[in-house]
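>>> sequence first, then the predicted structure:
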Amino acid sequence: KAGVTQTPRYLIKTRGQQVTLSCSPISGHRSVSWYQQTPGQGLQFLFEYFSETQRNKGNFPGRFSGRQFSNSRSEMNVSTLELGDSALYLCASSPGTTQETQYFGPGTRLLVL
Amino acid sequence: KQEVTQIPAALSVPEGENLVLNCSFTDSAIYNLQWFRQDPGKGLTSLLLIQSSQREQTSGRLNASLDKSSGRSTLYIAASQPGDSATYLCAVGSGGGATNKLIFGTGTLLAVQP
């Protein structure tokens, strides 16, 4: 089975712009979670989607949003980018119920100038 | 609020040595604990998953234990190799409701010297 894929892998944006990141889960997986990783804050949970519905949300401003499509692919969007949004954005997939191993993608590295 | 701490933050050992990485969490109401490794600039690779009802899990040279009552987990790596050099992260599945949300520790950076 192919693993979790994320596109693009690298991205450079300027302050004020918006960005959309994409995540394709492992085939058959219905849960997709997003995380932000920075040197200062470590790995922080953004949100989780299951069957096209947001199941949980972390403590991030409303500029961070996401969605999931019927094929379980997910996108996250960040509007009005700030310098502090520079980070590695990781998505993880799992079959769907809780208490399962989560499989992470390689991440999208976003640099905001 | 669940908080996860990992000690030490960094560790350097000679090849062949056995080592233990520590993870502690403040709220014992977890449903699982997962250990990951992360190579520089890469995503996370799952190593071991321990359900809340389990005490330990083993995979090859790796053994992870869980003591919910004391809020602690350890990852034991036997006969370390240079290829084990990476950042090791523990994460707890915590919180009510149906969710796969993980709360991560800050990681231990491991260097195995040849």
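Received, thanks. Residues are numbered from 1 along each chain as shown, chains lettered A, B, ... in the order given.
>>> just the strands in chain A please.
Under the criterion DSSP state E, strands of chain A are mapped to A:5-7, A:10-13, A:19-24, A:31-38, A:42-50, A:53-57, A:64-68, A:74-78, A:87-94, A:103-104, A:108-112.
>>> confidence-wise, which of the ones you listed is weakest overall?
Ranked by mean pLDDT, the strands of chain A end with strand A:53-57 at the bottom, a mean of 91.
>>> quick revisit: turn the strands of chain A into CSV, including mean neighbour count and distance to chain B.
In this view, the C-beta of every residue, glycine as well, is placed from N, C-alpha and C. What follows is these, written out as CSV (neighbours: other C-beta atoms under 10 Å in any protein chain shown; distance: least, C-beta to the nearest C-beta, whole Å):
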stretch, mean neighbour count, distance to chain B
strand A:5-7, 16, 8
strand A:10-13, 13, 10
strand A:19-24, 19, 11
strand A:31-38, 23, 5
strand A:42-50, 22, 4
strand A:53-57, 15, 4
strand A:64-68, 19, 13
strand A:74-78, 20, 13
strand A:87-94, 24, 5
strand A:103-104, 21, 4
strand A:108-112, 18, 8
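>>> and residue 17, how many neighbours?
Defaulting to chain A. For residue A:17, the count of nearby residues is 13 (other C-beta atoms under 10 Å in any protein chain shown).
>>> I was thinking of chain B, sorry if that wasn't clear
12.
>>> figure out which of the strands of chain A is closest to residue B:46.
Closest of the strands of chain A to residue B:46 is strand A:103-104, at 6.4 Å (criterion: C-beta to C-beta).
>>> give me the sheet partners of that closest one and which way each runs.
Sheet pairing of strand A:103-104 (DSSP bridges) gives strand A:87-94 (antiparallel).
>>> next one: the strand it pairs with to chain centre, how far?
Computed by C-alpha atoms, centre = their mean, to the nearest Å, the chain-centroid distance of strand A:87-94 equals 5 Å.
>>> do stretch A:99-113 as well
On C-alpha atoms, centre = their mean, the centre of stretch A:99-113 falls 6 Å from that of its chain.
>>> distance between the ends of that stretch?
One end of stretch A:99-113 to the other measures 39 Å (C-alpha to C-alpha, to the nearest Å).
>>> equivalent analysis for stretch A:22-41, please.
Using C-alpha to C-alpha, the two ends of stretch A:22-41 sit 23 Å apart.
>>> give me the secondary structure label for residue B:83.
helix (DSSP: H, G, I helix; E, B strand; the rest coil).
>>> residues contacting the helix or strand hosting residue B:11, please?
Using DSSP states H and E, residue B:11 sits in strand B:10-14. Strand B:10-14 is contacted from outside by B:19, B:21, B:80, B:108, B:109, B:110, B:111, B:112, B:113, using C-beta atoms under 8 Å, 6 or more residues apart in numbering or on different chains.
>>> can I get the strands of chain A in TSV with distance to residue B:62?
Compiled in TSV, those are given as follows (distance: least, C-beta to C-beta, whole Å):
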stretch	distance to residue B:62
strand A:5-7	26
strand A:10-13	31
strand A:19-24	27
strand A:31-38	23
strand A:42-50	20
strand A:53-57	29
strand A:64-68	33
strand A:74-78	30
strand A:87-94	20
strand A:103-104	17
strand A:108-112	28
